[in-house]
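Student: Sequence first, predicted model second:
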Amino acid sequence: MDSPEKQGQSAKAITTVVMTSRSRLPSRSATAGPILPMLVAVLMWAIAHAEPAWADPLYTVSGVSVDVTDSDASSAKLKAITEAQVKAFAILLERLGGAEAAARLEALGPADIGRMMASLSIEEERTGPGRYIGRLTIRFLPDKVRAALADADVAFTEDRAPAVVVVPVWLGPDGPEVWTDNPWHAGWLAINAQDSLVPLVIPLGDLTDSQTLAARQALDGERAGLEALRTRYSADAVIVAVAAPLDDTTIRATLTGETAMGALDFDRTYTADEGGLAVAAAAAAREFHSAMLADWRTSRPQVRPAAVQSIRVALPVASLEQWNDLRARLVATPGVAGVDLSSLTAQGAIVRLAFSVPFPDLQAELAVRRLDLALRGETWVIQPY
């Protein structure tokens, strides 16, 4: 935490706070044998270094801004983290299921949302006496979010659209601007839609971009330059968004182009009673992107997932290779929503197996992969055969 003397100074942070946890390993018994400590160490190293299941761009919300005051800087930061995760969850719901999803789950409190959060990263922060200003990235656990949507009976889609490059052209008093800092460019950047259901790419505006496409060429729809930008950013389409100030609080914004959502043709006027052109431009960019999201969602199959259940299961594994093989087969099984390691014993691993299909269907799907899920005494066991 920065001292009060550092108030106003930005601090870039690279630390990620991981919110998921693992159960403690059982103590080694006298009869466990020498293989158990090594197996524990190797398996836990593999888990720690594996690509986490929650690192899903679709379930990642970046650029969440907070500005919180409290009795001291430390309390303000804790309060800001809570606020950020609530804001991020609302953005995620809107992304996946639109206004219906956000409305159905708006009653969930910070504690409920916190249990669905996988991690947070601090992109930038400033602290002072009793104040915390920051921008954070929040990552959610997909299975837990899907379960919440299922409980609320909300249809949603995870089918992402191909990326779209947006070229924001600002018609300022000195003529058209495309690679400069202006309210229109800032409004599109503020959406942070690179991980959205409809991913947006805002060009860097570096020397290569400026040599590729000038403002007048963008306005004229010069195909060679626009196609070069699309290729550079590995996108499916490129669109030109134009905004012009009509007075100190109002802009007229237009957007045209061909995308996976079809032909786009928006022409609207936005007024911000407070905040001036910057607020009006940001509102226009958000609404244009929301319209793209709505068009994409209506064109994709909507799913209403079954509620996720889980059971405690024993897996007879004695080596890292056996664990990797068995876990991979489980994760690839239709209906399996998650495999979380709970503990290790001399006989193998104990996992929490989450599934979203009827239990007999789960057993049948596992059998196809030559895995027998059966009750042995009082314990469910998955045995390869």
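Tutor: The structure has been received and is ready for your questions.
Student: ranges for the strands of the stretch 1-150 of the chain?
Tutor: For the stretch 1-150 of the chain, strands defined by DSSP state E, counting those that start in this stretch occupy the ranges 11-12, 16-18, 60-69, 117-128, 131-140.
Student: partner residues bridging the residue nearest the centre of the chain?
Tutor: Taking Cα atoms, centre = their mean, the centroid of the chain lies closest to Thr60, which sits 1.5 Å from it. Taking DSSP bridges, one obtains Arg139 as the residues bridged to Thr60.
Student: Tell me the spacing between it and Ala294.
Tutor: From Thr60 over to Ala294 the distance is 21 Å, taken as Cβ to Cβ, to the nearest Å. Any C-beta I mention is one placed from the backbone N, CA and C, and that applies to glycine too.
Student: again with Ile81
Tutor: Computed as Cβ to Cβ, the Ile81 to Ala294 distance reads 31 Å.
Student: Neighbour count: these two, which is higher?
Tutor: More crowded of Ile81 and Ala294, by other Cβ atoms under 10 Å: Ile81, with 22 against 14.
Student: For the spatially closest residue to the more buried one that is not a sequence neighbour, give me the pLDDT.
Tutor: Excluding the flanking residues, the one nearest Ile81 by Cβ to Cβ, 6 or more residues apart in numbering is Leu120, at 6.6 Å. On pLDDT, Leu120 comes in at 88.
Student: export stretch 212-227 as CSV, just CAs?
Tutor: C-alpha atoms of stretch 212-227 as CSV (Å, rounded to 0.1, in the frame of the first residue of the first chain):
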residue,chain,number,x,y,z
THR,A,212,-1.4,2.8,-43.2
LEU,A,213,-4.6,4.9,-42.9
ALA,A,214,-5.1,8.7,-42.7
ALA,A,215,-8.3,10.3,-41.3
ARG,A,216,-9.5,11.4,-44.7
GLN,A,217,-8.9,7.9,-46.1
ALA,A,218,-11.0,6.4,-43.3
LEU,A,219,-13.8,8.8,-43.9
ASP,A,220,-13.8,7.9,-47.6
GLY,A,221,-13.7,4.2,-46.8
GLU,A,222,-10.4,3.6,-48.6
ARG,A,223,-10.4,-0.2,-48.8
ALA,A,224,-6.7,-0.9,-49.1
GLY,A,225,-5.9,0.9,-45.8
LEU,A,226,-8.8,-0.5,-44.0
GLU,A,227,-8.0,-4.0,-45.2
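Student: Other residues contacting that stretch?
Tutor: Stretch 212-227 is contacted from outside by 167, 169, 175-179, 228-229, 232, 238, 240, 242, using Cβ atoms under 8 Å, 6 or more residues apart in numbering.
Student: Out of the residues you listed, name the ones that lie in helices.
Tutor: Within the contacts of stretch 212-227, residues falling in helices by DSSP state H are 228-229, 232.
Student: and which of these is nearest to Phe359?
Tutor: Nearest to Phe359, judged by Cβ to Cβ, of these is Arg232 at 50.4 Å.
Student: Look at the closest one and say how many residues are nearby.
Tutor: Arg232 has 16 nearby residues by other Cβ under 10 Å.
Student: swap in Leu92?
Tutor: 25.
Student: Okay, it and Ser356: tell me how far apart.
Tutor: With the distance defined as Cβ to Cβ, Leu92 ends up 19 Å from Ser356.
Student: Settle this for me: Asp56 is touching Lys144, isn't it.
Tutor: No: contact between Asp56 and Lys144 fails when scored by Cβ atoms under 8 Å: they sit 11.9 Å apart.
Student: higher neighbour count, the two?
Tutor: More crowded of Asp56 and Lys144, by other Cβ under 10 Å: Lys144, with 21 against 16.
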